[in-house]
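> Mind looking at a prediction? Sequence and model below.
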Amino acid sequence: MLLLLGLMIYLTYTAGITGIGRLSEFVGPVIMITLVVSFILNIVNADWHNLLPVYADSEWKNILTGSLGPAFWFPGPFTLLVVIAFMHNPKKALSKSMLGVGITIFMVFASTLMVLMVFGPDLAAKIRFSYFLYVRTINILNFIQNIDIFFMFICIFGVTAQLSLYLFVASYELGQWLNNKNWRRIILYIAPAIFIMAVLIPDETAITAYDKFWSSVIFPVCGIGIPLLLWIISIVKKKTVHA
């Protein structure tokens, strides 16, 4: 954890949003290629019969409830509300963010299908980090095995880029709010707070409680309520100016 936090601080403090963007340009395609390779290597263990029935045994309410959890993590492009100020062509922000969300949804959907086809719906529903266990089942002629460490190594790069972006957004926006132009100095206060919160997490039960808090409080307020309010305010201001 200290190593990951150190990488976040170093990348954000020294390179800022430019360095994070350059890292993401490299890591993004590598992660997608890694996912595709894992699908190909494990296709021999996949049984498409595990996908059936799709609707008869679940009904739409259970399907909708199960899809809400992953859906709450797709609004990551909300961070573009901050990053858009650093773009050379802000008009492309909408198309780029929608493309990123679309690719992410497709890859998560494909990963979910492969996990279901390998483990089946009953076992897959009980596994928290199902994809990493899915990678462990890869076995090609008893020669290619135990490659989950390699996939974890690749995923760490993606996590580093994502968390560095969140650290930048938190530091930069807090600096704007406090009218402090030296936002890099704020990293020195936010980083220890992140470490303390991470250490205070007792067990996996706390993570489950956080997911419920995120889905019931944080996302409705920060993901829907505040953006909707800002949108209404901008419309009212435009009408006032034209009037």
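Everything's here; your move. Numbering: from 1, shown residues only.
> so where is this protein shaky, pLDDT-wise?
Scanning the chain for pLDDT under 70 picks out 55-57, 69-78, 204, 242-243.
> How is it partitioned into domains?
Using automatic domain parsing, the domain ranges for the chain come out as 2-200, 204-243.
> Tell me how far whichever helix in the chain runs longest lies from the chain's centre.
The longest helix of the chain (DSSP state H) is helix 2-41. Taking the mean of its C-alpha atoms, helix 2-41 sits 12 Å from the chain's own mean (CA atoms, centre = their mean, to the nearest Å).
> Return the most buried member of the domains of the chain.
Ranked by average neighbour count under the criterion mean count of other CB atoms under 10 Å, these are headed by domain 2-200 at a mean of 14. Every C-beta, even on glycine, is put in place using the N, C-alpha and C of the backbone.
> can you pull out the helices in the protein?
Under DSSP H, the chain gives helices at 2-41, 59-71, 80-83, 93-119, 121-126, 130-136, 148-177, 183-200, 204-213, 226-242.
> Now tabulate those helices in a markdown table and tack on distance to L52.
Formatted as a markdown table, those follow (distance: least, CB to CB, whole Å):
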| stretch | distance to L52 |
| --- | --- |
| helix 2-41 | 19 |
| helix 59-71 | 14 |
| helix 80-83 | 39 |
| helix 93-119 | 10 |
| helix 121-126 | 10 |
| helix 130-136 | 19 |
| helix 148-177 | 28 |
| helix 183-200 | 41 |
| helix 204-213 | 28 |
| helix 226-242 | 39 |
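> closest one to P53 among those?
With CB to CB as the criterion, P53 lies closest to helix 121-126 of these, at 9.8 Å.
> list the helices and strands the closest one packs on?
The helices and strands touching helix 121-126, judged by 3 or more CB pairs under 8 Å, 6 or more residues apart in numbering; DSSP states H and E, number zero.
> Kindly export it (C-alpha atoms) in PDB.
Only the C-alpha atoms of helix 121-126 are listed here, as PDB (Å, rounded to 0.1, in the frame of the first residue of the first chain):
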ATOM      1  CA  PRO A 121     -23.900 -18.500 -12.000                       C
ATOM      2  CA  ASP A 122     -24.000 -20.000  -8.500                       C
ATOM      3  CA  LEU A 123     -20.300 -20.000  -7.700                       C
ATOM      4  CA  ALA A 124     -19.600 -16.700  -9.600                       C
ATOM      5  CA  ALA A 125     -22.200 -14.900  -7.400                       C
ATOM      6  CA  LYS A 126     -20.300 -15.900  -4.200                       C
END
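> who's in contact with it?
Taking contacts as CB atoms under 8 Å, 6 or more residues apart in numbering, the residues outside helix 121-126 that touch it are N50, V115, L116, S130.
> can you check stretch 2-11 too?
Residues contacting stretch 2-11 (CB under 8 Å, 6+ apart): 19-20, 23, 156, 159-160, 163-164, 167, 187, 191, 194-195.
> can we see that at 7 Å?
The contact list for stretch 2-11 (CB atoms under 7 Å, 6 or more residues apart in numbering) reads G19, I20, L23, T160, L163, S164, L167, I187, A191, I194, F195.
> Could you check how far the fourth one is from T79?
Applying CB to CB, to the nearest Å, one obtains 16 Å for the distance of T160 from T79.
> Check the third one too.
The gap separating L23 from T79 is 15 Å, by CB to CB.
> do the same with the first one
Plainly put, G19 is 16 Å away from T79 if you go by CB to CB.
> Return the distance of the nearest residue to N146 once chain neighbours are set aside relative to L200.
Leaving aside its chain neighbours, N146 sits nearest to R136 (7.2 Å; criterion: CB to CB, 6 or more residues apart in numbering). According to CB to CB, R136 stands 30 Å off from L200.
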